[in-house]
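Colleague: Give me coordinates for this.
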Amino acid sequence: MVQTGWTAQRWTAVFIEQAEMFRKAVADADPAAEVPTRPGWTVQDLVIHLARFLETSTAYLRTGSRNPMAPPPAPTGLSPLEYLDLQLVAANEILTAVPGNRPVWTFSPSAPDLAWVWHRRIAHETVLRRFDAQTVVRGLVGTDADLCADGIDEVLTTIVAAKLDGDSPSVLSGTAVVRPTDVPESWLISFTPGGVPDVRAAAPGEEGDARLTGEAELVYFWLWNRMNLQDMAGDQNVLDVLQVGRGH
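Modeller: Residues are numbered from 1 along each chain as shown. Here you go, the predicted model:
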């Protein structure tokens, strides 16, 4: 990680805060309303997605599994909000109880097999879904720049590698510099065919085949295909790989 200062406890606090805002937004929305940031999704779809994500991801923290597990079966006998509330309570308890250094399977070839990877992923998935829900009720609130910087770091150090980890080795080569304007962190990510992307802090003035710059919130939500970003240039193939949120 380029970022320091983040812990399992801090990501858990983010989850609790963001989950509360998500729950309020979806309670205020029509379940059949379309989600502007997720074409084809309704608010009900969004609620079920987050609940199912929480149930699936916290299972690794609860069991300590060192191997990938099949998703749990779809719930029966519960309304979407009842299912969500059940998973929010369970996630709060599990995230609080499990230490970040517990060995457990994780989802990216560039991430360590430690529980904090899930603490971080759960926190940021909840940020994204809170954003989605608030666009429905037109109550979007800003996201802290330091949290956005950690989210950028997660995308570059973990999510991009997971995106490229398919049956066919990636043939992408090139570099990108990501340099937000309102936080001290910056990143250089390097791609080599068939390899896991390498990420390190970008040196002052360092350039890549592609570049992204702007406020951390804009960069973060552009990576997840939620906001437009004007200040980017360079290799379009590299930029396309960095934008991990298409379809997510």
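
Colleague: So what touches the helix or strand hosting E93?
Modeller: Using DSSP states H and E, E93 sits within helix 80-97. By C-beta atoms under 8 Å, 6 or more residues apart in numbering, the residues outside helix 80-97 that reach it are 8, 11-12, 15-16, 19, 23, 26-27, 31, 44, 47-48, 50-52, 54-55, 58, 61-62, 75, 78, 119, 122. From N, CA and C alone the C-beta is placed, and that goes for glycine too.

Colleague: Among these, the buried ones, what's the PyMOL command?
Modeller: Those of these that count as buried under 16 or more other C-beta atoms under 10 Å are selected in PyMOL with:
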select buried, resi 8+11+12+15+16+19+23+26+44+47+48+50+51+52+54+55+58+61+62+75+119+122
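
Colleague: and the helix or strand that comes right after the helix holding E93, what does it pack onto?
Modeller: Once the chain leaves helix 80-97, the next helix or strand it forms, by DSSP H and E, is helix 116-136. On a contact count with 3 or more C-beta pairs under 8 Å, 6 or more residues apart in numbering; DSSP states H and E, helix 116-136 meets helix 8-28, helix 43-63, helix 80-97, helix 145-154.

Colleague: now, of these, which is deepest in the fold?
Modeller: Each of the helices and strands packed on helix 116-136 was assessed for mean neighbour count using mean count of other C-beta atoms under 10 Å. The highest is helix 145-154, with a mean of 23.

Colleague: and the angle from it to helix 116-136?
Modeller: 120 degrees (axes from the mean of the first three to the mean of the last three C-alpha atoms, to 10 degrees).

Colleague: In this model A32 seems to touch V136, though I could be wrong.
Modeller: No: look at V136 against A32 with C-beta atoms under 8 Å: they stay out of range, at 10.8 Å.

Colleague: if I look at those two, which residues touch both of them?
Modeller: If you check V136 and A32 against C-beta under 8 Å, 6+ apart, the residues they both contact are V43.

Colleague: So for the two, which sits in the more crowded spot?
Modeller: Ranked by neighbour count (other C-beta atoms under 10 Å), V136 and A32 place V136 first, with 23 against 9.

Colleague: Quick check: the more buried one vs E20, distance?
Modeller: Separation of V136 from E20 (C-beta to C-beta, to the nearest Å): 17 Å.

Colleague: circling back: make a markdown table out of the helices and strands packed on helix 116-136 and add distance to E215 and mean pLDDT.
Modeller: Below are the helices and strands packed on helix 116-136 laid out as a markdown table (distance: least, C-beta to C-beta, whole Å; pLDDT from 0 to 100):
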| stretch | distance to E215 | mean pLDDT |
| --- | --- | --- |
| helix 8-28 | 19 | 98 |
| helix 43-63 | 26 | 97 |
| helix 80-97 | 28 | 98 |
| helix 145-154 | 7 | 98 |
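
Colleague: Which one, of the ones you listed, ends up nearest to F131?
Modeller: Minimum separation from F131 across the helices and strands packed on helix 116-136 (C-beta to C-beta) falls at helix 8-28, 9.0 Å.

Colleague: now that closest one and helix 145-154, what's the angle there?
Modeller: 100 degrees.

Colleague: Would you mind measuring from the residue of the chain most remote from its centre to Y83?
Modeller: Here the centre of the chain is the reference, and by C-alpha atoms, centre = their mean the most remote residue is G77, at 29.7 Å. From G77 across to Y83, the span is 10 Å (C-beta to C-beta).
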